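Undergrad: Quick one, fold the following:
(4 chains)
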Amino acid sequence: MDFRLGESSEAFRAEAKAFLDEHFTEDVERMMHETGIHHSWDLHRALADQGLLAPSWPEEFGGQGKGHLEMIAFHEEFQRAGAPTYGQGTTAIVLGIILALGSDELKKMIIPPALRGEFIVSLGFTEPESGSDVAAAQTRAVRDGDEWVINGQKMFTTSAQDAKYVFMLTRTNPDAPKHRGLTTFLVPIDGGGVEVQPVQTISGERTNITFYSDVRIPDVMRIGEVDKGWDVMGLGLTLERSGAHDGHTIRLQRAMEAWATTPNEIDGTLPADDERTLAKLGRMAAEAEVTTLLARRSAWVADQGGRPGVEGSMAKLFSSEALLRQSRDFVNLMGPDGIRSFGDPTAPAKGEAEYALRFALGTTTYGGTSEIQRDIVARNGLGLPRAR
Amino acid sequence: MDFRLGESSEAFRAEAKAFLDEHFTEDVERMMHETGIHHSWDLHRALADQGLLAPSWPEEFGGQGKGHLEMIAFHEEFQRAGAPTYGQGTTAIVLGIILALGSDELKKMIIPPALRGEFIVSLGFTEPESGSDVAAAQTRAVRDGDEWVINGQKMFTTSAQDAKYVFMLTRTNPDAPKHRGLTTFLVPIDGGGVEVQPVQTISGERTNITFYSDVRIPDVMRIGEVDKGWDVMGLGLTLERSGAHDGHTIRLQRAMEAWATTPNEIDGTLPADDERTLAKLGRMAAEAEVTTLLARRSAWVADQGGRPGVEGSMAKLFSSEALLRQSRDFVNLMGPDGIRSFGDPTAPAKGEAEYALRFALGTTTYGGTSEIQRDIVARNGLGLPRAR
Amino acid sequence: MDLNPSDEQVQLVEAFEALYAKESPSERVRSAEATGFDADLWSTLIETGAVSMAADEAAGGWGATLLDLALVAEQHGRALGSAPIIDAQVAVRLLGRLDSGAAKDLLVGHLAGERLVSVALHPPIGGVLRMVPAGAVADSVIFFDVGELFAMDLGAERAQLRTTGAMPVADLPVAGATSLASGAVASEVFERARDEWMALTANALVGLANRALEIGVEYVKERHAFGTPIGSFQAVAHGLANARTSADGAMLLSREAAWAADEDPERFSELARLAFGFATEAAREASYASEHYHGGYGFMAEYDIQLYWRRAHAWPALMAEPDVIFASAERARLDRLKKGA
Amino acid sequence: MDLNPSDEQVQLVEAFEALYAKESPSERVRSAEATGFDADLWSTLIETGAVSMAADEAAGGWGATLLDLALVAEQHGRALGSAPIIDAQVAVRLLGRLDSGAAKDLLVGHLAGERLVSVALHPPIGGVLRMVPAGAVADSVIFFDVGELFAMDLGAERAQLRTTGAMPVADLPVAGATSLASGAVASEVFERARDEWMALTANALVGLANRALEIGVEYVKERHAFGTPIGSFQAVAHGLANARTSADGAMLLSREAAWAADEDPERFSELARLAFGFATEAAREASYASEHYHGGYGFMAEYDIQLYWRRAHAWPALMAEPDVIFASAERARLDRLKKGA
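TA: Modelled structure (predicted):
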């Protein structure tokens, strides 16, 4: 056994660190929190310039052929730094799908400019009436000659304000069983008929509702076969749950350990001298290590050629529920000061715990709720019969 | 509003206390723990002598016409003292059912001698293949002239080794829908064909499996109409969940507060000087008070003429889950000493926390599991659709 | 035992329920988010007597019991009222216990609606009263420091602190304070005020929890997934059943605590703290469950459930976290038991 | 990264799996409940080399790594072995680090299977070593007191303590102890032994958790209620899914901790404690979930699941509760970070 990620992973991690030191400036960070937009064009283009938008891709596509264990080191650094990654994250998922299932024409049209950093792509899965039950999507796509006409509404199309396309799940056959009448498309946002309405969230992150009125797109924008969209989604949802998960906990841990080992301004006491604080920090350290190990195990399984479905669900479930516990623990532990908001100059440890408290609320929902992950672990991991 | 139980309740509580001071001797307590049998004939007969076996019953039946608020004060004292009550508890449930639904002949045969303390009655609900799903009972009762022939097996017939009868749920019509082919009987244990097999449990309590082979009983032993046993059970299950719930917590609380305020033999330190210990004691105090209030609310609802279904489920759910938390907290808090067993002379606080840890395991199951109680609260309390 | 409020209390509750329905719908709560203070709501509350009800009849008040105030606080919590009603009532009761002229003057101005008085929950640290409830809108603040109780008039310049829950709290440097009392009286009156604040806030948190659960239950009945209302899934139903049970427990305990102020005074301190600790956790459990079962909608600023969740964290934090509260409750409890022995 | 054991490790695991299947089925575990010690199992373990494997090759052992021992400990935990294998291995490694003649003599006797040596996890209190692992069956015990490491031969009279989990623990009055080492060496070697005990016990708890979950999952697949296997109810399935996730996390962390003894020595202390705290809670969660979903059967002595639940509480309690462990882990962690800075 070996619990190191390996030399090439650490070298790639160092590359990520160097990149972040240079490009993830205080300005970028401040802008991200002020706007709630976790996407930075400066960062994105710099990544593209250094061939870091899709380092895991083969060199023929401009990638570097990095393996899963190298990629997770890279992602860990971005997450731990708190750098904006939503734009490149959703784009990478969609490019992965197009590479696997898109037509040659679509690949040619989308992949090279995307890898040059010219645009980003949003995800359009969730709808007002379908969340966890993704396959219940009602947004309609109707064929009209060589075109498709799309009408409907998508929730949580994060980054849509900056995106060129939305990768969208639509219903093409309302008469077929739920999972058999779906088709996926890449829908241009600026091609007319798409309205992007901003949505504010508790953590300050901005997302969007997007509305689609008689949006006409050519058939070439279709991905996968007609009415076989659920197969495409299977790949998409697995990709959505892959990647590092420890970043938010590690960031909180660093902030709380710094807070605990810095003497109080007024009376000079150290929070770390208190046994309760130490116990909470230790518990967080255990959960941070477990979070890291669960995510790395997924990467290792993939590296071995496996498909880490259950492992990915465990990593996602554990990391998000742990962040919830940790943020509550530390906001509590800080007493009245704990609720001074992130952004208020008087907040202890810059309000990182208070921010995590609100941020954590989203993590147990997006990318599949904790309930969905538990269903997956129970059914696919433990072999329990389908939940009733 | 008034949160006092009232003068007559307190007077009745004093009566219970006086009774326990006299009759719940160290010998009775030791015997209870040595045998695991939570029934004492001495105590039972003394209760009968003082007319305390069914104080809530009308005077014509030898009762005292006590109200719900008086009865809960009485039960609280018995529970808090840790006195053996299983025998009188199950008997009281069955007598209540017979009073409400039994034939005049059966009433005459059973109620007077039972109230004189001559015998006790066990419950025979659960079977090897039916626990939470009580209505799935498969023990067969077949009519043969004016008699019934019973074959089957019952689990957790606690006190059966001391009981004269088992109140039993049987299947009389295997072809009818599950809830419509059930009938309840009072089955004599010594009439032949019944075998009582002792069962040991983690807490040291003894219960039994009872086997029934061609047990013949006359039709007069039937309670309620044929195939309408589920209606009888409705009353039985509600009665089973009524009564005080705070006893185990209050007993643990008293033991832990005594432990925390007694100087350590070796170094003279007081556990109560430690903030963590104080916080755990305070949390237990809050849960003890809530447990008491939830149970008293049920009694108050009944006193107002209501039927405290949801309130009873909440009291049962909260009290048992709280006991589980509390016992874990204190076994942990005592460090290595926490796992010295109840009964070992070296155990701190006589091992009360260690005993509670094992005892609590049962409380979240018998009388309806926590899951069943949550289903009831969700469906009947919150109006949520039937759980799938 | 009688768990029903009296007829007068039912009327009181109905009156405030109506007031909050009109003056504190969620649009109003939202429009006061920046400051946590709705001046119009506050005026209406003062006019209705929400502050003066807390004073003895001798002082021109209604002589409401703490339980009466608790029932009002529950309505306040349900509606997430953006007004320092509990802080103001606690100040009234505190001042009513003091004999000094300064205290009497302060009370008169406070009751007349001229000078809003609040109470700092903690002594100053490094010369600053930190996170003072209503500190951003009060005209005077009462505080305790080294065995003495002081009042201090507040100037115009006070930075509004941004907190998780939109409250008019502020850090207030101590300057030019007047002594109101000293010695045993000062500390007893201060401790009593803290306990009353906890008892009333516990009841406000109960109202908050109840309303949060109503919102959550309504949502899971309407929201469908996999062909059925999501409330039919045990993963959802059991979380709400647990939260409803905790909230029922918190309601009983919080009302008992307020009742005990007059009816079981020896246990008041202990019960107020137990209720506050328990209600804090119940409100957080209830609002989190309801928020989480909203799925992504729960994370959106647009849905009301987030308003509840944020205040369930923020309101009680002004005093201390539950573990600290439970320890202080147990201290009061062990003191009482020792005296009784 | 490689999460697979080596071929040699796979063979080692298979050998011990077979040994435990034969020598520690649940009947044997039950028949040793009174003492927590199965003399035949212990003989077989010694013959198989379970103790000597822990010694360096120079000392006549196999030179197994801590990770090798951890994989054996996992099998031990799965089978709830009634034998002090971890205590004995920790003693071997401790003695191997000492130079004194007394230590060497003790090690020789211990490895020869003549004198079972155990290590007290805590210094004596009031002249008594309390709750000593294997204290009821060991011939000698090593303990630390005021900066010095001692060995003490044990007489015949030792009261077997009754505990939640059936272990051969005893309270041992200190008398006639021989010094093994003093100063920095003594405390370092003692701390190291405690950390190794925690790392190995963490892995035993992982084995316990895994087997408890297998039993629970099997049960809920077979047990029917309301016309369906109870494992199809979310209330059951989700509890087991959480427990499985915690147990997977505990397994990764506990193996990493044992691996770190040789491969990441600076983090070993911290990881051993984190793993021990986390595995303690994971084992309790797993065994409770499986026990509880057994319904009334889980409460019956006859069902094996209760054996797992009791040991999940008892084994780790010999060291300290999770909160104390986590605090000590964080202390080690902050020390390391300070040195690194």
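Undergrad: all helices of the chain, in order?
TA: Because you didn't say which chain, this covers chain A. Ranges of helices within chain A are A:7-23, A:26-35, A:41-49, A:68-81, A:86-101, A:104-115, A:229-241, A:247-260, A:275-303, A:309-333, A:352-363, A:370-376, based on DSSP state H.
Undergrad: To clarify, I was referring to chain C.
TA: C:7-23, C:26-31, C:39-48, C:66-79, C:85-96, C:101-111, C:183-222, C:234-263, C:265-292, C:305-317, C:322-340.
Undergrad: possible to save those as JSON lines with mean pLDDT and mean neighbour count?
TA: Any C-beta I mention is one placed from the backbone N, CA and C, and that applies to glycine too. Listed next are the helices of chain C as JSON lines, based on pLDDT from 0 to 100; neighbours: other CB atoms under 10 Å in any protein chain shown:
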{"stretch": "helix C:7-23", "mean pLDDT": "98", "mean neighbour count": "15"}
{"stretch": "helix C:26-31", "mean pLDDT": "98", "mean neighbour count": "14"}
{"stretch": "helix C:39-48", "mean pLDDT": "97", "mean neighbour count": "17"}
{"stretch": "helix C:66-79", "mean pLDDT": "98", "mean neighbour count": "26"}
{"stretch": "helix C:85-96", "mean pLDDT": "98", "mean neighbour count": "26"}
{"stretch": "helix C:101-111", "mean pLDDT": "95", "mean neighbour count": "18"}
{"stretch": "helix C:183-222", "mean pLDDT": "98", "mean neighbour count": "23"}
{"stretch": "helix C:234-263", "mean pLDDT": "98", "mean neighbour count": "25"}
{"stretch": "helix C:265-292", "mean pLDDT": "98", "mean neighbour count": "27"}
{"stretch": "helix C:305-317", "mean pLDDT": "98", "mean neighbour count": "25"}
{"stretch": "helix C:322-340", "mean pLDDT": "96", "mean neighbour count": "19"}
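Undergrad: Can you get me a residue count around C:G227?
TA: If you count neighbours by other CB atoms under 10 Å in any protein chain shown, C:G227 ends up with 10.
Undergrad: List phi and psi for it.
TA: phi 80, psi 20 (degrees, to the nearest 10).
Undergrad: Of the helices of chain C, which is nearest A:Q64?
TA: A:Q64 lies closest to helix C:265-292 among those, at 39.7 Å (CB to CB).
Undergrad: Quickly check: the closest one near chain D or not.
TA: No - interface with chain D: helix C:265-292 contributes nothing (CB under 8 Å from any CB of the partner chain), its closest point being 13.5 Å away.
Undergrad: Establish whether that helix and chain A are in contact.
TA: Yes - Helix C:265-292 comes into contact with chain A (CB under 8 Å from any CB), by way of C:R284, C:E291, C:H292.
Undergrad: will you turn the helices of chain C into a markdown table that also has distance to B:P198?
TA: Shown next, in a markdown table, are these (distance: least, CB to CB, whole Å):
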| stretch | distance to B:P198 |
| --- | --- |
| helix C:7-23 | 55 |
| helix C:26-31 | 61 |
| helix C:39-48 | 67 |
| helix C:66-79 | 52 |
| helix C:85-96 | 59 |
| helix C:101-111 | 71 |
| helix C:183-222 | 45 |
| helix C:234-263 | 35 |
| helix C:265-292 | 41 |
| helix C:305-317 | 50 |
| helix C:322-340 | 41 |
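Undergrad: the strands in the stretch 51-200 of chain A, which residues?
TA: Applying DSSP state E, counting those that start in this stretch to the stretch 51-200 of chain A gives strands spanning A:121-124, A:140-144, A:147-154, A:165-171, A:182-188, A:194-200.
Undergrad: tell me the most buried of the ones you listed?
TA: strand A:121-124 (a mean of 28; mean count of other CB atoms under 10 Å in any protein chain shown).
Undergrad: what does the stretch 201-341 of chain C put close to chain D?
TA: Taking CB under 8 Å from any CB, the part of the stretch 201-341 of chain C that reaches chain D is made up of C:F233, C:Q234, C:A235, C:H238.
Undergrad: Tell me both backbone torsions, phi and psi, for the first one.
TA: Same thing as C:F233. The phi/psi pair for C:F233 (degrees, to the nearest 10) is phi -80, psi 130.
Undergrad: what's the distance between it and C:Y293?
TA: C:F233 sits 9 Å away from C:Y293, going by CB to CB, to the nearest Å.
Undergrad: for chain A, which spans come out with low pLDDT?
TA: The model of chain A has pLDDT under 70 over residues A:239-243, A:387-388.
Undergrad: Longest strand of it, counting residues only.
TA: Ranked by number of residues, the top strand in chain A under DSSP state E is strand A:206-218.
Undergrad: helices or strands next to that one in the packing?
TA: In this structure, strand A:206-218 packs against strand A:121-124, strand A:147-154, strand A:182-188, strand A:194-200, with contacts taken as 3 or more CB pairs under 8 Å, 6 or more residues apart in numbering or on different chains; DSSP states H and E.
Undergrad: so what strands line up beside it?
TA: Note on strand A:206-218: by DSSP bridges, its sheet partners are strand A:147-154 (antiparallel), strand A:194-200 (antiparallel).
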